[in-house]
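A.B. asks: Provide a 3D model corresponding to the input given below.
(2 chains)
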Number of protein chains: 2
Amino acid sequence: MKTCTKCGATPVIIHRKASGQMLCKDCFIESATEKVLKNIRRNKLIERGDKVAVALSGGKDSVMVLDIVNSLHERNIIDLFAITIDEGIGGYRKHGVEIAAKNAKKLGIDHRIASFKDYFGKTLDEIMHNESRQHGACTYCGVFRRWIINRVAREENATKIATGHNLDDETEAILMNYLEGNIDNLTRIGVKSEPKNDKFTIKIKPIREIPEKEVALYVIARELDVHFDECPYSRESFRGEVGRFVKELSANHPTIMYSTLKGFDKIKPAIKKEFSGKKVNMGNCIQCGEPASHELCRACLFAKSLNGEQ
Amino acid sequence: MKTCTKCGATPVIIHRKASGQMLCKDCFIESATEKVLKNIRRNKLIERGDKVAVALSGGKDSVMVLDIVNSLHERNIIDLFAITIDEGIGGYRKHGVEIAAKNAKKLGIDHRIASFKDYFGKTLDEIMHNESRQHGACTYCGVFRRWIINRVAREENATKIATGHNLDDETEAILMNYLEGNIDNLTRIGVKSEPKNDKFTIKIKPIREIPEKEVALYVIARELDVHFDECPYSRESFRGEVGRFVKELSANHPTIMYSTLKGFDKIKPAIKKEFSGKKVNMGNCIQCGEPASHELCRACLFAKSLNGEQ
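C.D. replies: Got it, this is the predicted structure:
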């Protein structure tokens, strides 16, 4: 019978092919937590006195982030609250928002729920049925969601926004941009954002080195309540194709996601130095006052066109 | 009925999804040739007075290179000859060597055939059965093949060695190294080598922007004799996995190989500046005199160990 490489206990709940490690439940939780905390320390993602806003969808990734970052809150190192965006997606979002609320309540932390309807007058479902719609769901969702999270984080004086990007997400994003030759996007991928405008709150990715599989295992092992459904609008076929390939490749090459990430992190400063030197700081949207690279920010531009204005 | 986008003729033999172009045989040959010549001009791969050695395996890629580079030879711009390596692979290589010889003869150009047996005392088949063997076939083959090509090219005073890497090959190599995070290898991929030792002859890749499919179509359209068999030792599973993925992806995203290559070429100078600044020029092997980064070059090291020496 397999025994835990660390403590000898049974049963083993994970066999990490890359390292050969086999871990029991407690040692796995400890190991995953330590990996996340190490990432936080090494990259100075969170420091004493920070007020961290966790972008909490209720899915496994953001629930894992909340759970681990909360350990810093419990030790009075940081202040912490959660933001959940209600995009207004029938048959999907309500359950996620409830789970998010339950998790926040259990930990006794503040929870802000902010909806597309309140901020932009329309649910995502309504946007999808709007005659003036010009983009896919993910485009509107991404722009409006980021706008609201950034606005709420600033209202609450957050110093950091923590998001749930895991190792699979990051590897996919890196490969997609390698494949598309999108240098601009490559310079923007990283464990910690470097805002070009003081109205942006710094974004951090605490679980960036945790494979999706281990995130799922973590929330199960910790018996956390999570929302496992997939968004009904998720149709990003290119990301899907790249994601399936990386997952398949990982079966024979268990370190491939990690080596892709590490290789990218190594060359990124060189790319950034060469390609984003010319860029100046962003201005602010003349309508909403949020950061914008043109007169109007993208959210205001979208909102305007959805209202039938030019 | 479909007609050629350029001249209106029928039948059309290719529909380029990326550009929408449909071409008849003559216009396709002209277009592919022009693409290769443009690459040669733009990157100064070949210049007036060069003596070009084409590394001619007899496969479609090297035969296409020979055919197009020969047009410069016919116009008396350059001197030209071919080198074919006989690795000694039973049931495979002999046919390739014959095809190579036939192509060289038809164009009336000098042809050197050099074998592993002559230079290293062993065929690749013998190496594979050698008790002291420590690597796979592709490793020995690559090291010995490159050693002989470089040696013969220098003996013949070649100023350039032209190889048959096509767009699929290059994209695969770039992605493999992105995935493995192999920065060192990335700095070495390019359309033209920059030798760190004056005993190296500059290597160039004239058909680097031609997709494998179009190379195959070109040799068929030009009615060239080629060797279509696959090497019986070809077992590079990682390259195979990456190659299949890129080909599948190309079906829905017809420009993906090109965008990967262009993106890489854009960031490569930045990576090179950062990561190969410290490297000094190479020395020469104390045994054979060829370029080497250690006392012995890799070919001599391999030959020694295959002879049972330490």
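A.B. asks: which residues of the stretch 1-150 of chain A fall in strands?
C.D. replies: Listed in chain order, the strands of the stretch 1-150 of chain A (DSSP state E, counting those that start in this stretch) span A:12-15, A:22-24, A:51-55, A:79-86, A:110-115.
A.B. asks: deepest of those strands, which one?
C.D. replies: Sort these by mean neighbour count, taking mean count of other CB atoms under 10 Å in any protein chain shown, and strand A:51-55 sits at the top with a mean of 25. From N, CA and C alone the C-beta is placed, and that goes for glycine too.
A.B. asks: what separates it from the chain centre, distance-wise?
C.D. replies: The chain centroid and the centroid of strand A:51-55 are separated by 11 Å under CA atoms, centre = their mean, to the nearest Å.
A.B. asks: Same list (the strands of the stretch 1-150 of chain A) but as a markdown table, adding mean pLDDT and distance to chain B.
C.D. replies: What follows is the strands of the stretch 1-150 of chain A, written out as a markdown table (pLDDT from 0 to 100; distance: least, CB to the nearest CB, whole Å):
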| stretch | mean pLDDT | distance to chain B |
| --- | --- | --- |
| strand A:12-15 | 96 | 22 |
| strand A:22-24 | 97 | 25 |
| strand A:51-55 | 98 | 28 |
| strand A:79-86 | 98 | 30 |
| strand A:110-115 | 97 | 35 |
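A.B. asks: Make a markdown table from those strands and add distance to residue B:125 to it.
C.D. replies: Converted to a markdown table, the strands of the stretch 1-150 of chain A look like this (distance: least, CB to CB, whole Å):
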| stretch | distance to residue B:125 |
| --- | --- |
| strand A:12-15 | 39 |
| strand A:22-24 | 42 |
| strand A:51-55 | 60 |
| strand A:79-86 | 64 |
| strand A:110-115 | 70 |
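A.B. asks: Of all the ones you listed, which one is nearest residue A:250?
C.D. replies: Smallest distance to residue A:250 across the strands of the stretch 1-150 of chain A (CB to CB): 13.8 Å, for strand A:12-15.
A.B. asks: And that closest one, what does it pack against?
C.D. replies: strand A:22-24, helix A:25-42, helix A:212-221 (3 or more CB pairs under 8 Å, 6 or more residues apart in numbering or on different chains; DSSP states H and E).
A.B. asks: can we see that at 6 Å?
C.D. replies: Contact here means 3 or more CB pairs under 6 Å, 6 or more residues apart in numbering or on different chains; DSSP states H and E; on that basis strand A:12-15 packs against strand A:22-24, helix A:25-42.
A.B. asks: Near chain B, which residues of chain A are found?
C.D. replies: Counting by CB under 6 Å from any CB of the partner chain, chain A comes close to chain B at A:178-181, A:183, A:245, A:249, A:256, A:259-260, A:262-263, A:266-267, A:270-271, A:274.
A.B. asks: Pull out the buried residues from stretch A:57-73.
C.D. replies: Of all the residues in stretch A:57-73, those buried under the rule 16 or more other CB atoms under 10 Å in any protein chain shown are A:57-70, A:72-73.
A.B. asks: In contact with the residue in the stretch 1-150 of chain A positioned nearest to chain B, which residues are there?
C.D. replies: Nearest residue of the stretch 1-150 of chain A to chain B: residue A:18, at 13.3 Å (CB to the nearest CB). Residues in contact with residue A:18 (CB atoms under 6 Å, 6 or more residues apart in numbering or on different chains) are A:254-255.
A.B. asks: among the helices and strands packed on strand A:12-15, which is the most enclosed?
C.D. replies: Across the helices and strands packed on strand A:12-15, the average number of neighbours (mean count of other CB under 10 Å) peaks for strand A:22-24, which reaches a mean of 21.
A.B. asks: and that one, which strands flank it?
C.D. replies: strand A:12-15 (antiparallel) (DSSP bridges).
A.B. asks: List of residues touching the strand it pairs with?
C.D. replies: Applying CB under 6 Å, 6+ apart, the contact partners of strand A:12-15 are A:2, A:4, A:22-25, A:28.
A.B. asks: number of nearby residues for the closest residue to chain B within the stretch 51-200 of chain A?
C.D. replies: In the stretch 51-200 of chain A, the residue that lies nearest chain B is residue A:181 (2.5 Å; CB to the nearest CB). Using other CB atoms under 10 Å in any protein chain shown, residue A:181 has 20 other residues around it.
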